[in-house]
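>>> Provided below for reference: sequence and predicted model.
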Amino acid sequence: AKRAEELAAAGVVPHGLPALVSADLDAASARVRPGYVAGSEDQRAAVERLAADLREFAEREDLARVVVVNVSSTEAPVDPQPAHEDRTALEAAWDRGESPLPASSVYAAAAFAAGCAFVDFTPSAGARLPVLAAMAAEAGLPWGGSDGKTGETLLKSVLAPMFAMRALQVRSWSGTNLLGGGDGATLASADARESKARSKAAGLGAMLGYPVEGPLHIDEVTDLGDWKTAWDLVTFAGFLGTRMTLQFTWQGCDSALAAPLVIDLARLLDLALRRGESGPVDALGFFFKDPVGSDEHALAAQHDALRTWVRTGTAVTP
């Protein structure tokens, strides 16, 4: 409830809203269970504990299906290790008392153990490790990700195909991102910033068909609070090599941009559960910077694939 009041004061939600929902928020807060903190407990036991919490939640709320959405803080990139590859190696590492999974993957493992669908809304490893993908397949569960596409990258996924369609050669694409709030504080860490930068840069070359020079900066500005600003400079060449530029500024509230996507993803993964689908749902790439199971990054093509999948259960993606 206190956080809702802060959001209202910042103009993110209507001023009268916190008073209307404070009782519901207090009730939800009272039901929050302890999460997983690396090194605080045996990792296998943590997976089992979290899975038990999810099963109890489903039973208490009389739910037929549960979708787990990872909206936690962005993690640093994960160094590959044998325990990430298959269940036998993971179990052996757990037997030795090791904790080979990053926290996001612990939650993904718990979700699959509890029979829940899972979606990564951050660029963290989550379900993308091979051992987690195998767990989902073994349990016959759908999952999706990763890293919600809400601002600067959303615009890139519209503008980059335009340059390609008109044969306008992009020479460079540089971006600066300024943000505050919890996301800004998390991305003040160089390791977390590296994960985000990799995800944001994933699709540009694929959409244009060639690599493009351009630095990407992500900086925390505490005063911005829940608002973020992105400024991009694009240099490109037209007929006979004529040099031109495009600049754009995107200023938005990240939580207000992300919230409806999280709701839609929960509903769509529930649809996949009801259909009995298993494995990565590539049609959900419409929502993500680094879509799992698909090399398509252009927004219009992603939207067509999503609509086809919703109607028919079949995604048309490369």
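Now that the structure is in, tell me what you want to look at.
>>> now do the SS call for Lys228.
strand (DSSP: H, G, I helix; E, B strand; the rest coil).
>>> tell me the buried residues in stretch 6-17?
7-8, 10, 12-13 (16 or more other CB atoms under 10 Å). Glycine gets a C-beta too; all of them are placed from N, C-alpha and C.
>>> stretch 210-222 now?
212, 214, 216, 218, 220.
>>> got a markdown table for the residues you listed, with secondary structure, pLDDT and distance to Leu132 too?
Formatted as a markdown table, the buried residues of stretch 210-222 follow (DSSP: H, G, I helix; E, B strand; the rest coil; pLDDT from 0 to 100; distance: CB to CB, whole Å):
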| residue | secondary structure | pLDDT | distance to Leu132 |
| --- | --- | --- | --- |
| Val212 | coil | 92 | 32 |
| Gly214 | coil | 87 | 32 |
| Leu216 | strand | 87 | 28 |
| Ile218 | strand | 88 | 27 |
| Glu220 | strand | 88 | 30 |
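>>> make CSV from the buried residues of stretch 6-17 and add distance to Leu257, pLDDT and secondary structure to it.
What follows is these, written out as CSV (distance: CB to CB, whole Å; pLDDT from 0 to 100; DSSP: H, G, I helix; E, B strand; the rest coil):
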residue, distance to Leu257, pLDDT, secondary structure
Leu7, 14, 90, helix
Ala8, 17, 93, helix
Ala10, 14, 87, coil
Val12, 11, 90, coil
Val13, 13, 91, coil
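>>> show me which of these is closest to Glu296.
Val12 (31.8 Å; CB to CB).
>>> correct me if wrong: the closest one contacts Ala256.
Yes: in this structure, Val12 is within contact of Ala256 by CB atoms under 8 Å, at 5.9 Å.
>>> is it true that Ser174 lies in a helix?
No: Ser174: not assigned to a helix; according to three-state DSSP it is strand.
>>> can you report how many residues neighbour it?
15 (other CB atoms under 10 Å).
>>> show me the two of the buried residues of stretch 6-17 that sit farthest apart.
Ala10 and Val13 (8.6 Å).
>>> so which bits of stretch 297-316 are buried?
Quick answer for stretch 297-316 (16+ other CB under 10 Å): 297-299, 301-302, 304-306, 309, 315.
>>> what is the nearest of those residues to Thr153?
Using CB to CB as the measure, the one of those that approaches Thr153 most closely is His297, at 8.8 Å.
>>> next helix or strand past the lowest-mean-pLDDT helix or strand in the chain?
Of all helical and strand segments in the chain, the minimum by mean pLDDT, DSSP states H and E falls on helix 190-201, at a mean of 59. Counting by DSSP states H and E, the element after helix 190-201 in chain order, helix or strand, is helix 204-208.
>>> can you point out the buried residues in that following helix?
204, 207-208.
>>> just send these back as JSON lines, with distance to Asp290 too.
Output for the buried residues of helix 204-208, formatted as JSON lines (distance: CB to CB, whole Å):
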{"residue": "Leu204", "distance to Asp290": "12"}
{"residue": "Met207", "distance to Asp290": "13"}
{"residue": "Leu208", "distance to Asp290": "17"}
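>>> with the residues you listed in mind, which one is nearest to His84?
Ranked by distance to His84 (CB to CB), the buried residues of helix 204-208 are led by Leu204 at 27.3 Å.
>>> so the residue of the chain most remote from its centre, which of the three states?
The outermost residue of the chain, judged against the average C-alpha position, is Leu240 (40.8 Å), by CA atoms, centre = their mean. Of the three states, Leu240 takes helix under three-state DSSP.
>>> just checking, Leu179 touches His217?
No: with contact defined as CB under 8 Å, Leu179 does not reach His217; the gap is 11.3 Å.
>>> any stretches of the chain with poor pLDDT?
182-202, 315-318 (pLDDT under 70).
>>> what ranges does it have for its helices?
Secondary structure of the chain (DSSP state H): helices at 2-9, 17-30, 43-60, 87-95, 103-113, 130-139, 152-165, 181-186, 190-201, 204-208, 254-275, 299-312.
>>> which one of those helices lies closest to Asp232?
helix 152-165 (6.5 Å).
>>> angle of the closest one against helix 254-275?
If you take axes from the mean of the first three to the mean of the last three CA atoms, to 10 degrees, helix 152-165 sits at 80 degrees to helix 254-275.
>>> what's the angle from helix 152-165 to helix 299-312?
Interaxial angle of helix 152-165 relative to helix 299-312 (the same axes, to 10 degrees): 110 degrees.
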